[in-house]
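Asker: task: produce atomic coordinates for the following.
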Amino acid sequence: MRRYTVLVTLALVFSLLMGIQLVTTQVRANVIAANVDIDPDSLLLKESGLGKWIIAYIEFPDGFDVNNINVSSVTLDVMGGHVSVSKFSFQEDTLVVKFDRSLVTSFLWPMIEHMSPHVKSAVTLTVTGSLYDGDTFEGSDTIKVFYTLI
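Answerer: The predicted structure follows:
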């Protein structure tokens, strides 16, 4: 009976140590600081909209490859809302992702109650995503947002 208790105790301790190792491995994932450039630099909030896309150009620092990005994980964070990628392409060391402009502006419309017409307000947009190996990345760009009275 004593031998059985020792074996069960060892199995429990081993399971606990393996569980801790798995958690530790997940916590160690890198967050890559990506360089993100968002176009357009100024965005007119208008019911009919101008253009179809908000485009983000994503580059990584040396040692990381944008070709390893799981594009389906990429989102544009806009004032608490998240917009998924509509189109994408790889151009050398840059991932170019397109987000639906009308979805992006839908998250920005509530801010006009705090704005004056024709006055541009700065808004930071953040692109996040993950790589196939589990690492994540994040990068931001600030654009100007304004509206006009028609």
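Asker: show me where the protein has strands.
Answerer: Taking DSSP state E, the strands of the chain run over residues 31-33, 35-39, 42-45, 53-59, 69-78, 81-84, 87-91, 94-100, 121-131, 136-147.
Asker: and those: which comes nearest residue 115?
Answerer: strand 121-131 (5.5 Å; C-beta to C-beta). Yep, even glycine has a C-beta here, placed from its N, CA and C like the rest.
Asker: and that closest one, which strands flank it?
Answerer: Counting by DSSP bridges, the strands paired with strand 121-131 are strand 69-78 (antiparallel), strand 136-147 (antiparallel).
Asker: report the inter-axis angle for that strand versus strand 35-39.
Answerer: Comparing the axes of strand 121-131 and strand 35-39 via axes from the mean of the first three to the mean of the last three C-alpha atoms, to 10 degrees yields an angle of 130 degrees.
Asker: contacts for strand 121-131?
Answerer: Outside strand 121-131, the residues within contact range by C-beta atoms under 8 Å, 6 or more residues apart in numbering are 32, 34, 36, 38, 54, 56, 58, 64, 68-71, 73-79, 97, 104, 108, 111, 115, 136-146.
Asker: tell me the buried residues in it?
Answerer: Of the residues in strand 121-131, 123, 125-131 count as buried by neighbour count, 16 or more other C-beta atoms under 10 Å.
Asker: what sits against residue 43?
Answerer: Residues near residue 43 by C-beta under 8 Å, 6+ apart: 54, 104-105, 108, 143-146.
Asker: give me that answer again for 6 Å
Answerer: 143, 145 (C-beta atoms under 6 Å, 6 or more residues apart in numbering).
Asker: how close does it get to residue 133?
Answerer: Relative to residue 133, residue 43 is positioned 34 Å away (criterion: C-beta to C-beta, to the nearest Å).
Asker: cool, and residue 37?
Answerer: From residue 37 to residue 133 the distance is 25 Å (C-beta to C-beta).
Asker: neighbour-wise, which of the two wins?
Answerer: Between residue 37 and residue 133, residue 37 has the larger neighbour count (other C-beta atoms under 10 Å), namely 15 against 9.
Asker: give me the beta-bridge partners of the nearest residue to the more buried one once chain neighbours are set aside?
Answerer: Distance criterion C-beta to C-beta, 6 or more residues apart in numbering; nearest residue to residue 37, sequence neighbours excluded, is residue 57 at 4.5 Å. Beta bridges link residue 57 to residue 37, residue 96 when assigned by DSSP bridges.
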